[in-house]
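S.K.: Sequence first, predicted model second:
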Amino acid sequence: MGHRPLALEPILLLSSLGLGCSTSETTDDQNVLETAVLVDPAEFLGAFPCGDIDGAPKSYIATVTDLNTDPPREIGRSPRLGCSIPVAFTNVVVGNHYSASIEVFEATPEQAALAAWPKVICGAEEQSGAALAQSLQQITIRGCDQLTGAGLSDTAIVVDPREALGSLVCADDEQDGVTEIKVIPIAPEDAGLPTVTVSCKGGAVTFADDVEPGVSYAFRLEAEGLPVGTSWGSSCSATAFEGLGIRATCSKLAQGGTVTIPLLALLEEAELSCGQGVTRAKIALYDDLVLVSQATVGCASDVTFSGVSAGTFVATVELFDGATSIALRNCATSLAAGESATLACFEEN
């Protein structure tokens, strides 16, 4: 017995339903849950990021097919949607299996675009991820081919120092603040990327030449400002992807940083064990021979001092078993503004 054709009813999922809905009975407090099958971009984007990245997927169109008709029949086609937005098809028959064909675009839904990548298929067969429509449940079509290949732009890392400003402001005639920011590539050491200095109100810095897909890159930001002599620092990192302009993630510019005493590694190197021969540690941290902080701590974790000014630091770490001192170590490191550094420790001679 056949069934009558139904009109397409794609529904953008409410934020309360979230992404990647499972086969559980998910409900929304404000709405009656409808019977539907879902297409979720997270199922087919593969390693590609989604969003405002040069060359990356930004939108898609889903066409859903009922696999239990003879021949299989398309039940409808969604509008072009942003690549982070799942879509639900409610014109389904309970007990039937559904697959989807996906067209992926580099343009946003508001821009005219041709298909950017070959179509991908989700749930091609009943036993390979096709969604089995169930009453009053929203079932995701799975078993998707993964989007593969390169992005549609140059392989590049984009560092935007403005993202590191946080609560800082750019200096002008009326107020002090940041004047310029130096972007310094630090890893890999042999990458051959140049150091670039931009004004505080300047734009992003794009590194394209010599950037290799799959390689992780790290950068140091050094900012100068007013009053004269004021400086800040932070770090940025990103992993390159072929054909994409990946934006680096940056920490906020800061004058202070953190230093860590690697207490666990120190115990291991000394062939000691916390709780069995060592019960506590007494630590003193010095900046240019001036005592910065001191503490008596347990021995179960590393010890971190935050908000310390840039400089060269030494520390003494004395290990105790109860009231008995059993070992003494000296440690040292240098710290730039906005950095995190771990002290290197060595045995007292």
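M.R.: Done, it's in.

S.K.: for this protein, where's the lowest mean pLDDT among helices and strands?
M.R.: One helix or strand of the chain scores below all others by mean pLDDT, DSSP states H and E: strand 10-12, with a mean of 59.

S.K.: And the contacts of the helix or strand following it?
M.R.: Using DSSP states H and E, the helix or strand that follows strand 10-12 in sequence is strand 36-39. When contacts are defined by CB atoms under 8 Å, 6 or more residues apart in numbering, strand 36-39 is touched by residues 11, 13, 21, 62, 64, 78, 86-90, 92, 98, 100, 102, 122, 131, 133, 138-141. Where C-beta positions appear, they are placed from N, C-alpha and C, glycine not excepted.

S.K.: Starting from the following helix or strand past strand 36-39, tell me which strands it pairs with and how they run.
M.R.: Counting by DSSP H and E, the next helix or strand C-terminal to strand 36-39 is strand 59-66. Paired strands of strand 59-66, with direction, are strand 73-77 (antiparallel), strand 81-82 (antiparallel), strand 97-105 (antiparallel) (DSSP bridges).

S.K.: Give me the distance from strand 59-66 to the chain's centre.
M.R.: 28 Å (CA atoms, centre = their mean, to the nearest Å).

S.K.: gap between residue 178 and residue 250?
M.R.: 14 Å (CB to CB, to the nearest Å).

S.K.: low pLDDT regions in the stretch 51-200 of the chain?
M.R.: The stretch 51-200 of the chain contains no residues with pLDDT under 70.

S.K.: make it 90
M.R.: Segments of the stretch 51-200 of the chain classed as low confidence (criterion: pLDDT under 90) are 51, 113-116, 125-128, 173-174.

S.K.: how about the strands in it?
M.R.: Using DSSP state E, counting those that start in this stretch, the strands of the stretch 51-200 of the chain run over 59-66, 73-77, 81-82, 87-89, 97-105, 120-122, 131-132, 138-140, 156-159, 177-187, 196-199.

S.K.: Distance to residue 283 added to the ones you listed, as CSV?
M.R.: Converted to CSV, the strands of the stretch 51-200 of the chain look like this (distance: least, CB to CB, whole Å):
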stretch, distance to residue 283
strand 59-66, 54
strand 73-77, 65
strand 81-82, 51
strand 87-89, 56
strand 97-105, 54
strand 120-122, 55
strand 131-132, 58
strand 138-140, 52
strand 156-159, 36
strand 177-187, 29
strand 196-199, 38
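
S.K.: Nearest to residue 207, out of the ones you listed?
M.R.: Among these, the nearest to residue 207 by CB to CB is strand 156-159 (4.7 Å).

S.K.: packing partners for that closest one?
M.R.: strand 205-207, strand 216-226, strand 230-239, strand 245-247 (3 or more CB pairs under 8 Å, 6 or more residues apart in numbering; DSSP states H and E).
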